[in-house]
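Student: Next one to model:
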Amino acid sequence: MSSVFEITEQTFATEVLASNRPVFIDYWADWCEPCRHLAPVIDELSARYPQVKFCKVDTNTNATLAARQGVMSLPTLQVIVGGEVVASQQGSKTKAGLVNMLSPYLE
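Tutor: From the prediction side, this is the model:
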């Protein structure tokens, strides 16, 4: 079972910045075709790696948050550890590419 959390402006600080485990964030929008293709892969990885908190931010409804996080294109993927962005990539990735992005933070 996957567990990908919806993050908003109001929940970002408590759900992401204060998290005691690595957080993977997918910044997406419903009009973004690559975002739609990436969603099931992220769901699968969330079930496979419970030590990572998987989240998504709808940039249509959270544009200020996306801008504050430096999101310039979609999809943008970030890994945040201890409140700091430790990895960031733009564009769609393969499952292997996402695992590679996460691997330094898997325990």
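
Student: contacts, neighbours, all on C-alpha from now
Tutor: Will do.

Student: Can you list the strands that the one helix or strand Val79 maps to pairs with?
Tutor: Assigned by DSSP states H and E, Val79 belongs to strand 76-81. In the sheet, strand 76-81 lines up against strand 23-28 (antiparallel), strand 84-90 (antiparallel) (DSSP bridges).

Student: Tabulate the ones you listed (JSON lines), appending mean neighbour count and distance to Thr76.
Tutor: Formatted as JSON lines, those follow (neighbours: other C-alpha atoms under 10 Å; distance: least, C-alpha to C-alpha, whole Å):
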{"stretch": "strand 23-28", "mean neighbour count": "26", "distance to Thr76": "5"}
{"stretch": "strand 84-90", "mean neighbour count": "15", "distance to Thr76": "4"}
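
Student: And the residue nearest the centre of the chain, what's its pLDDT?
Tutor: A centroid search over the chain (C-alpha atoms, centre = their mean) returns Ile25, at 1.3 Å, as the residue closest to the centre. The model reports Ile25 with a pLDDT of 98.
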